[in-house]
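[1] the following block contains a protein sequence and its predicted model.
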Amino acid sequence: MSDDSVFILDELELRPGMLAPFRKAFLAQYAPGARQRGMRLLHTWVTPPVELETGRTKVVLVWQLDGVSGFWTMRSQNGGPETAAWWQNCE
């Protein structure tokens, strides 16, 4: 890890029953493009640690980028329709 790393936290709240479908879609549809944009997934935190039948599950994704320039490079590539569609489907 570089001293000038930039970290991004993405926080999502999932409806009951959506954790497994989210993980599958995330790994297949979002993560490959994120890696191409220079993002490295360091952690995926899920709380509560088990999915409950009622209530929402919170997912926190912790990403690392190579400094401020890596952040702006990622941001300049983040405007594609597939990225926007991904986040709209997470709502």
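    Nice, I can see it.

[2] tell me which stretches of the chain form strands.
    6-14, 40-47, 57-65 (DSSP state E).

[3] point out where this structure drops to low pLDDT.
    Counting by pLDDT under 70, the chain has low-confidence residues at 1-2, 78-84, 86-87, 90-91.

[4] quick one on the thing from earlier: can I get the strands of the chain in CSV with mean neighbour count?
    C-beta here means a position set from N, CA and C on the backbone, and glycine is covered the same way. As requested, the strands of the chain are exported to CSV (neighbours: other Cβ atoms under 10 Å):
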stretch, mean neighbour count
strand 6-14, 14
strand 40-47, 13
strand 57-65, 18
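
[5] quote the end-to-end distance of stretch 22-41.
    Start to finish, the residues bounding stretch 22-41 are 16 Å apart (Cα to Cα, to the nearest Å).

[6] can I get the strands of the chain in TSV with distance to residue 74?
    Written out in TSV, the entries for the strands of the chain read as follows (distance: least, Cβ to Cβ, whole Å):
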stretch	distance to residue 74
strand 6-14	8
strand 40-47	11
strand 57-65	6
